[in-house]
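# Kindly generate the corresponding structure for this input.
(one chain, ligands or ions: 1)
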Amino acid sequence: MEGDVTSALMSVYRQADVAFEYGKGMEIFDVSGRRYLDFNAGIAVSCLGHAHPHLVKTLQEQAAKLWHTSNLYRIPHQDRLADRFVAHTFADKCFFVNSGVEAIECAIKTVRKYFYDQGKHDKNRIITLNSSFHGRSLAAISAAGQEKLVTGFAPLLSGFDRVEPNDLAAMESAITAQTAAILVEPIQGEGGIRPLSDAYMQGLRALCDKHDLLLVLDEIQTGMGRTGKMFAFEWSGITPDVVALAKGIGGGFPFGACLATERAASGMTPGSHGTTYGGNPLAMAVGNAVLDELLKPGFLEHVNEIAAYLHERLNDFAERHHNIVEAVRGKGLMVGVKLRGIDSREAVAASLKNGLLIAPAGENVIRILPPLIVERSHVDEALILLEKTLYELSPIEQENTG
Ligand SMILES: *Cc1c(COP(=O)(O)O)cnc(C)c1O
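Predicted coordinates:
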């Protein structure tokens, strides 16, 4: 389904030849009216499913009032959203942007400015992890450093060092007097749903304290309830200094945020940073509506309950089919299934044909990222479609059954 369709668009995407017209909850319908079950949520974005009534009503009401004013003036929805993030998270300060990569950009600038303002002008390097992903700006690809991201785009930004994930000794030996921060995803998303262990996360916090570094977390994919807590770092009981958010934060309306402690944000003074669209009334109204739902009593309990069921079903499938599934990993409703003998991109395309949306990730992993409102019945249906898809693609199964 990935074709070389002649198109006026830059050829950067390998798009499947399907176009969707509308969605409702867990379901999405293509232009011919065919129904699909959505276990991708637009790559972990549509956390409340499609056309959620509260989000639709909020956006429509705001659209009729005011779209844009710029940050030359106060934006009441923006103030309120920031206050709510401060009330419910580690953060003391928020900066709103339009995408994930802009949240990362703000995080990197926050780090550099923090040490600069202390007169530590050489303390500006950031240690990141191999197989990480932080977005597509020059700063973000320089941070992640993966060959497929950076090839052809030199000169890159300097100031990043990289080590293997889940190896504290490697991290500590990479720290120098010039190191300002450590930047990691608690679960590497694009890299193949590879979680950092709780011990490692705690170790990073300890290293940051010991060496006077800021701990910056990219929770663009893991945040906003995706793993069963508001943020994935909560599972390891640590507190970061800076967190980048996007994806689920707008439930499909594009925006992101950089959250920080008072101390870490101290360099972000008037004139040091800014954005024309970031924190606009439309995005901020929707962001508050998303939080209304996420903060409802029982919302995260639901995520954890369904996630436990999804993991149980996938692990059961994996146990019965070692020949197809090498591992099931991830946390909450951010799940990766590492395939054996089947190409993950082919699996995603075949799954689409069977009516189930999933996404590929690195390391030959398929990513399962349903909206957080998913129910058991949807998991049951998805498992049937996924098993069917993998049987179709597995040469061994075809030998056995054919
Ligand atoms: C999606 C993603 C980004 C980039 O977000 P954009 O909105 O595409 O710029 C950065 N980091 C992680 C972990 C992501 O999943």
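# For the spatially closest residue to residue 385 that is not a sequence neighbour, which residues are in contact?
Distances taken as CB to CB, 6 or more residues apart in numbering place residue 356 nearest to residue 385, at 4.0 Å, with adjacent residues excluded. Using the backbone N, CA and C atoms, a C-beta is placed for each residue, glycine as well. Residue 356 sits next to 36-37, 39, 382, 385-386, 389 when contact means CB atoms under 8 Å, 6 or more residues apart in numbering.
# how about a cut-off of 10 Å?
Residues in contact with residue 356 (CB atoms under 10 Å, 6 or more residues apart in numbering) are 36-40, 348, 350, 368, 381-386, 388-389.
# and if you look at residue 296?
Residue 296 makes contacts with residue 302, as judged by CB under 10 Å, 6+ apart.
# Okay, strands next: where are they in the stretch 101-250 of the chain?
125-129, 160-163, 179-184, 187-188, 194-195, 214-218, 242-245 (DSSP state E, counting those that start in this stretch).
# now this protein, which segments are flagged as low pLDDT?
Residue ranges of the chain with pLDDT under 70: 1-5, 397-402.
# Look up the closest residue to the residue of it found nearest the ligand, ignoring the ones flanking it.
Closest approach of the chain to the ligand (CB to the nearest ligand atom) occurs at residue 100, with a separation of 2.1 Å. Distances taken as CB to CB, 6+ apart put residue 246 closest to residue 100, at 3.5 Å, once the chain neighbours are dropped.
# Helices of the stretch 51-200 of the chain, start to end?
53-65, 76-88, 100-116, 138-144, 147-150, 168-174, 198-211 (DSSP state H, counting those that start in this stretch).
# Need the residues that contact the fifth one.
With contact meaning CB under 10 Å, 6+ apart, helix 147-150 is reached by 132-136, 138, 140-144, 156, 190, 362.
# Could you identify the most distant pair in the residues you listed?
138 and 362 (21.1 Å; CB to CB).
# sorry, back to before: and the residue nearest to residue 385, how far from residue 362?
21 Å (CB to CB, to the nearest Å).
# residues contacting residue 300?
Residue 300 neighbours (CB under 10 Å, 6+ apart): 225, 227-230, 294, 332, 372.
# So it belongs to a helix, correct?
Yes: membership of residue 300 in a helix is supported by DSSP: H, G, I helix; E, B strand; the rest coil.
# for the residue nearest to residue 385, phi and psi?
phi -130, psi 120 (degrees, to the nearest 10).
# Likewise for residue 24?
Residue torsions, per degrees, to the nearest 10, at residue 24 are phi -150, psi 110.
# And for it, the neighbour number?
A count of nearby residues for residue 24, using other CB atoms under 10 Å, gives 12.
# give me every residue that touches it.
For residue 24, the residues meeting the contact criterion (CB under 10 Å, 6+ apart) are 35, 49-52.
# Could you do residue 29 as well?
20-23, 35-36, 50.
# if you set the cut-off to 7 Å instead, what comes out?
20-23, 35 (CB atoms under 7 Å, 6 or more residues apart in numbering).
# Beyond the host helix or strand of it, next helix or strand please.
Secondary-structure element containing residue 29, defined by DSSP states H and E: strand 27-30. Heading C-terminal from strand 27-30, the first helix or strand you meet, by DSSP H and E, is strand 35-38.
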